[in-house]
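Q: 3D, please:
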Amino acid sequence: MDALLLQERISQTIILGESQFREFKSALDGPAGNKKARDPKAVAKDIAETLVAFANADGGELLVGVEDDSNVTGFLYGDDTVRKLLDVPRTGIHPETPLESPLARRVLVQEKDILYFSVEKGTRSVAQTVDGKCLQRKDLESRPVSVGRLQFERQEQMSREYDRHFVDGAKVSDLDVTLIKRVSDQVGGMSVEKCLQYLGLAAFGTGVLRLQKAAVLLFAKDVARWHPRCQVRVIRIRGTELRTGRDYNAISDETAHGNILQLVTEAWEKLRPHLVETKMTPDALFKERVMYPEDACREALINAITHRDYAVEGQGIEIFIFDDRMEVRSPGNLLSSIPLEALRELRGNHESRNALVARTLKEIGYVREMGEGMRRIFRLMRDADLVPPELQSEAGRFCMILHHKSVFSDTDQRWLDEFRPFKLTREEMLIALLGKEGNLLSPQQIYARLSLVDWDVYRSIIEQIQAKGVVYNTMPERVKVQKARVKKLSQRSIPRLAVRQPADLEQALSGLYGVLRDLGPTSVVNPSYVNRILEGLPPQNPYHTNSAELTKTLRLLTLIDDARLPTSVTIGLWGQSAMARADAGPPATRRVPRRSASARELPGPIRRPATPAPDLGPTRARRETDFVDVFVGNLNYDASSQEVEALFSKYGEIVVVKIPPDFVTGLSRGFAFVRMSDRLAAAQAIEKLNGQLLRGRQLRVSW
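A: Below you'll find the predicted structure:
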């Protein structure tokens, strides 16, 4: 650097004073008027430590011979000592961590000699002094810091900026233009170049469109040219741990390669078959059992592809599927700005490591709102009555573990099995467990346990479980009001609901079955027939209510369908031959004495898949629009929006049905969104359609 320019720079530095990037050190010691030269060894130590601290931060300048108050005092050393001090950027630094482009000069400032040092931010290694000290500049101080911490910070910074760097030599012709055009159609329809610029993936420079790494990660024809491990490996392990050598127990090992959009499609196709397990049942039939919620696994896969550390180019995403769990391992630790505990507690903390990749995936619908994916995975696991996901961030990787383990204990499950004839939904199971010990329940307690956000939905659930006879009210209205007033509580906080014991319910159901059998078959269960059922039931039977309530009960217990036609359960009670005679003539009018029967001996369908708990979101906003959205998962790829609409239109007005396309294949992505105009109609659709078959696949329907 020119001596004159250096002097001007130093003069400006002195005027600005000490800061994060500037440090002054005195070369004198002693009282005013009797200053002596400081020990050169102490000065050399200051120089080495300050330069190391600057190199481990953002670089900086050191002036020796200037006081903290910017007063230039110079030094009193001979030429030999000065040469040794100017050589400290080499001799005072550990030989394995040399400084990058250090500058050391003797400069005359305000007619006094000072020593000037500058150093740039280190990028190749973490700087240390010759005796192994590691420091970092923070504001006006040089603070000790561990080498490991600095290495972590640098790796994280590099990973945060990775997808924003421009790629030398990459051209639009290196990208899958057809794929970009599909994305362009989704975000507004524009040229390939404009689409890339709109998404922040490219910029014009010197007449050439320069592509950023996010562009090649998302759209490259041959992504391996730019990233050797843009891949997802899916390994199925027999057992609960991976063995080696002769005991190696991987029974399937497949790897999906390609750009990010291709990975989402191809990796999912390799993962999806492992989400179900085929086992022989006690009645010697092979049946499929769903191990994990499909939507939760898809969300976990997309989360890993979106947020992995692409700066770690030697590793890809790995998914290990054991007999009892699934581990999704992504390269790179969790960002330091997102505490692991915050993710576990679903506080909504979110920050994308790959901002450009995440934005593009959100624009085309692969990713929802930031931070929503993790909440959705936890909710889907909860709705499937599985334990919450386990999250780990260590050893340079982030791992999400989905366990195939029920939240219900064996005792809980045995209790719930007693209610099988009553076709309990998931919410009803939770209510039954709350009242397991015979204690009274308050509406507020049930509302909190079900994680509801709308009292209309609570009322719908309670009315349904009461119609099944499982829950009953123990307290008259006037008593409830009086207790709330005396205790100064809301009426919803007064315990008054009880759960009937399974033995009592079996007796009640047995009585209902007996009356149906004695009345004989009918082609349609009309109001007249329902009234005759009521006449046959004793007053103490929980199902002895009124015609409308009993009709609802018969429907909920799958004894009749929505058209009041008898189901296979009822036909089984009557017998096929008797039913055939009923179809040929008027409903039976014969009255015969009732016969008792055990509910356990009578036919009853197996409990349907649990209905997910509603996640209704902010009710005020939705009421203002009167629209609610329903998610339909596990949809056959060939199913059309018209077919989905036909299913849902039975329960209410349909505003729109959307089946998002896969941008690689152009086909369905296996799920749909149904917007309905009424919340209660949507709740009924979820209840009725969850678990129903469409084109051979069992639908998973939820809010």
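
Q: Just the residues contacting stretch 402-418, thanks.
A: Residues outside stretch 402-418 that contact it (CB atoms under 8 Å, 6 or more residues apart in numbering): 291-292, 296-297, 300, 324-326, 328, 377, 381-382, 385-387, 389-390, 424, 429, 432-433, 436, 502. Where C-beta positions appear, they are placed from N, C-alpha and C, glycine not excepted.

Q: again, only using 7 Å
A: Residues outside stretch 402-418 that contact it (CB atoms under 7 Å, 6 or more residues apart in numbering): 291-292, 296-297, 300, 324-326, 381, 385-387, 389-390, 429, 432-433, 436, 502.

Q: low-confidence ranges in the stretch 501-650 of the chain?
A: 576-626 (pLDDT under 70).

Q: Can you give me the buried ones in stretch 399-407?
A: Neighbour-count burial for stretch 399-407, counted by 16 or more other CB atoms under 10 Å, picks out 399-404.

Q: can you give me how far that stretch is from the chain middle?
A: 13 Å (CA atoms, centre = their mean, to the nearest Å).

Q: now that stretch: mean pLDDT?
A: What stretch 399-407 shows for mean pLDDT is 90.

Q: Likewise for stretch 467-476?
A: Stretch 467-476 comes out at a mean pLDDT of 92.

Q: buried ones in it?
A: If you call a residue buried by 16+ other CB under 10 Å, then stretch 467-476 has these buried ones: 467-471, 475.

Q: Out of the residues you listed, which two sit at the greatest distance?
A: Spanning the widest gap among these are Lys468 and Met475, at 20.0 Å by CB to CB.

Q: Enumerate the positions of the biggest helix by length in the chain that are buried.
A: Scanning the chain for the helix with the most residues, using DSSP state H, yields helix 502-519. Neighbour-count burial for helix 502-519 flags 502, 505-519 (criterion: 16+ other CB under 10 Å).

Q: Repeat that for stretch 293-310.
A: 293-310.

Q: What of stretch 50-61?
A: 50-57, 59-61.

Q: Tell me the one among those residues nearest to Pro660.
A: Distances from Pro660 to the buried residues of stretch 50-61, taken by CB to CB, are shortest for Ala57, at 45.7 Å.

Q: which one is the closest one nearest to, not counting chain neighbours?
A: Leaving aside its sequence neighbours, Ala57 sits nearest to Arg137 (CB to CB, 6 or more residues apart in numbering; 3.8 Å).

Q: What is the helix or strand harbouring that neighbour packed up against?
A: Taking DSSP states H and E as the criterion, the element that holds Arg137 is strand 135-138. With contacts defined as 3 or more CB pairs under 7 Å, 6 or more residues apart in numbering; DSSP states H and E, strand 135-138 has these neighbours: helix 40-55, strand 141-144.

Q: which of the buried residues of stretch 50-61 sit farthest apart?
A: Using CB to CB, the two most remote members of these are Asn56 and Glu61, lying 15.3 Å apart.

Q: So what's the residue count around Arg695?
A: By other CB atoms under 10 Å, the residues close to Arg695 number 12.
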